[in-house]
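>>> okay, here's the prediction I keep looking at, along with the sequence it came from:
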Amino acid sequence: MRSRRLADVLVPWYRQTARELPWRRSGFGAWGTLVSEFMLQQTPVARVIPMLEAWLERWPTPDALAGASPAEAVTQWANLGYPRRALWLHRAAVEIRDRHDGVVPRDVDELLSLTGVGDYTARAVAVFAYGDRHPVVDTNSRRVIARAIHGRTHPDAAHRRDLDEMSGLLPHADIDAAVMNAAMMELGQVVCTARSPRCDVCPVRDMCAWVAAGSPWTADTRRKQARYEGSDRQARGLVLKALRDAAPDPLPEEALLTSWHDPRQRDRALASLYDDGLIEPDGDLVHLPRR
DNA sequence: TAATCGTGGAG
DNA sequence: TCTCCAAGATT
């Protein structure tokens, strides 16, 4: 059947052509893997690499990060985006210290119980750091499945059934299954890309349902990302940038978003940041979270 | 379940 | 210039 043959082609293809990335080095470690996966959540590989190395140099273990303040984590996170991830990674480090003796857990359910760790990240750590056999499904592999298996241009929204589908594609041996998971992601990222797939160099084009269907380019029905300019997210981003730049010093709340056009939106952005625990009040001052 | 959450590079 | 979207998680 098709699923079996896909792995027969992709596993050797990956072994021959995969890019060298920091988290693919042997002995990179579960902590490094966990940090890299947090950073890679919605942030491109090229932007992650230098930030990851700086992070691991500063905090080489979960204990080291757990001993720092959330403010330090948010500051070190710099411009990676979605700063809640920095907060959550810090919380996860505290949980690893307190509940797992400072060792990144191997069990998927224990990984899932860590703050900020979901279906993708938990299995990525179990598979890529520990070598266990689980389906790892990210946006790239979902796109490859949509095209190669179902002949669709775009994947549907992420769903847990994706895990079952990927399970059906995995070879039996743990080591090969791990490579297959990585190969699907790699193919989606470098060949079967979202906007302009490079079918001319695709190793599985002769078994691709989408190519067989004539490579139809249908509309993407998934909801588009909201406009950023003038959004709450932009307002929040400006607040955190100001606080990161001032860190470790706080700033007067009046100094934040001084030239923002919409005072109600300014209040809303600040309120949501307080709510998320990304900022905290100290009289008239605003701090990044100190504990 | 669908909306929300940053930032910057590529096309 | 402007749109798209990137190794997702949470509520």
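Structure's in. What do you need?
>>> against A:Asp162, how distant is the closest residue to DNA strand C within chain A?
Relative to DNA strand C, the nearest point of chain A is A:Gly118 (2.6 Å; Cβ to the nearest atom of the strand). No exception for glycine: its C-beta is placed from N, CA and C like everyone else's. Distance from A:Gly118 to A:Asp162, counting by Cβ to Cβ, to the nearest Å: 12 Å.
>>> the two: which is more packed in?
A:Asp162 (21 against 12; other Cβ atoms under 10 Å).
>>> and the more buried one, what is it in contact with?
Contact analysis of A:Asp162 by Cβ atoms under 8 Å, 6 or more residues apart in numbering lists A:135, A:137, A:141-142, A:145.
>>> which intervals of chain A have sub-threshold pLDDT?
A:1-4 (pLDDT under 70).
>>> which residues of it lie near DNA strand B?
Proximity of chain A to DNA strand B, by Cβ under 7 Å from any atom of the strand, involves residues A:42-44, A:46-47, A:79-84, A:157, A:195-196, A:223, A:225-226, A:228, A:231-234, A:236-238, A:240-241, A:272.
>>> picking that back up, from A:Thr43, how far off is the residue nearest to the residue of chain A closest to DNA strand C when sequence neighbours are not counted?
Leaving aside its chain neighbours, A:Gly118 sits nearest to A:Leu112 (7.2 Å; criterion: Cβ to Cβ, 6 or more residues apart in numbering). According to Cβ to Cβ, A:Leu112 stands 21 Å off from A:Thr43.
>>> so which of the residues of chain A next to DNA strand B are in helices?
A:46-47, A:84, A:232-234, A:236-238, A:240-241, A:272 (DSSP state H).
>>> mind checking which of these are buried?
Among those, those scoring as buried are A:84, A:233, A:236-238, A:240, A:272 (criterion: 16 or more other Cβ atoms under 10 Å).
>>> what two of those are the furthest from one another?
Using Cβ to Cβ, those span at most 16.0 Å, a distance reached by A:Arg84 and A:Leu238.
>>> now do the helices in the stretch 151-291 of chain A.
Counting by DSSP state H, counting those that start in this stretch, one finds helices in the stretch 151-291 of chain A at the ranges A:161-167, A:174-190, A:209-212, A:232-246, A:263-276.
>>> and the shortest one, what other elements does it pack with?
Judged by 3 or more Cβ pairs under 8 Å, 6 or more residues apart in numbering; DSSP states H and E, helix A:209-212 has no packing partners among the helices and strands.
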